[in-house]
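A.B. asks: need a structure here:
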Amino acid sequence: MNWNDVFQDIQKWMAASNEVMRTYPLTSSEYWRWLVGSLGHLEQKYNSHPLVVNLCIALFDYQDRNYKAMESEGMSKLRLDYYKGKNGDDLFWFFETFLPKQWVIGFYVLNVIKYVVRHEGKNGVEDLGKAKTYVERLVEFEKGEADEKKS
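C.D. replies: Modelled structure (predicted):
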């Protein structure tokens with residue numbers, strides 16, 4: 001691992017963050033979408049090395065503290081829809097866009113397991129329907145990944 005490259009990339013990220021905030025304030029959903037995506041990209045670039053992950057978490061936490069300070073001073077609040085894309089895309093879109101492929105697959109698989117295992121003791125057929133939804137989402141995600149590889 002070339003740590004000089006890591007720290008140069010972090011400096012570039014900080015400069016880019018300042019530029020993004022010229023267009024989208026810290027309180028905007030657009031800024032937070034950029035922040036999560038760009039930190040995810042930085043993390044992936046260095047193969048999710050634990051120290052890089054912790055640096056990304058520290059950058060996120062720093063901005064989150066700044067946001068909370070602004071919020072406590074009565075500035076505009078972050079909308080709860082910040083996980084939605086510009087076209088109203090949902091949380092699944094967010095995961096599939098910004099998380100590494102294996103994390104997305106793990107998210108879907110773990111939810112399938114959760115709902116199948118608990119269906120008898122909790123919500124019965126309703127939980128099986130939820131498991132089915134996650135299987136269908138996983139199939140669609142994998143098809144999309146396969147289509148991208150063909151292109």
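A.B. asks: where does the chain dip in pLDDT?
C.D. replies: Applying pLDDT under 70 to the chain flags the ranges 71-90, 151.
A.B. asks: Break it down into its domains, please.
C.D. replies: Listed by automatic domain parsing, the domain ranges of the chain are 3-96, 101-150.
A.B. asks: is it possible to export those to JSON lines including mean neighbour count?
C.D. replies: Using the backbone N, CA and C atoms, a C-beta is placed for each residue, glycine as well. JSON lines is the format used below for the domains of the chain (neighbours: other CB atoms under 10 Å):
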{"stretch": "domain 3-96", "mean neighbour count": "14"}
{"stretch": "domain 101-150", "mean neighbour count": "14"}
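A.B. asks: Longest helix in this protein, please.
C.D. replies: helix 125-150 (DSSP state H).
A.B. asks: Who are the packing partners of that helix?
C.D. replies: helix 91-98, helix 101-118 (3 or more CB pairs under 8 Å, 6 or more residues apart in numbering; DSSP states H and E).
A.B. asks: ok and that helix relative to helix 101-118, angle-wise?
C.D. replies: Interaxial angle, helix 125-150 versus helix 101-118 (axes from the mean of the first three to the mean of the last three CA atoms, to 10 degrees): 160 degrees.
A.B. asks: From the chain's centroid, how far away is helix 125-150?
C.D. replies: 18 Å (CA atoms, centre = their mean, to the nearest Å).
A.B. asks: swap in stretch 50-58?
C.D. replies: 15 Å.
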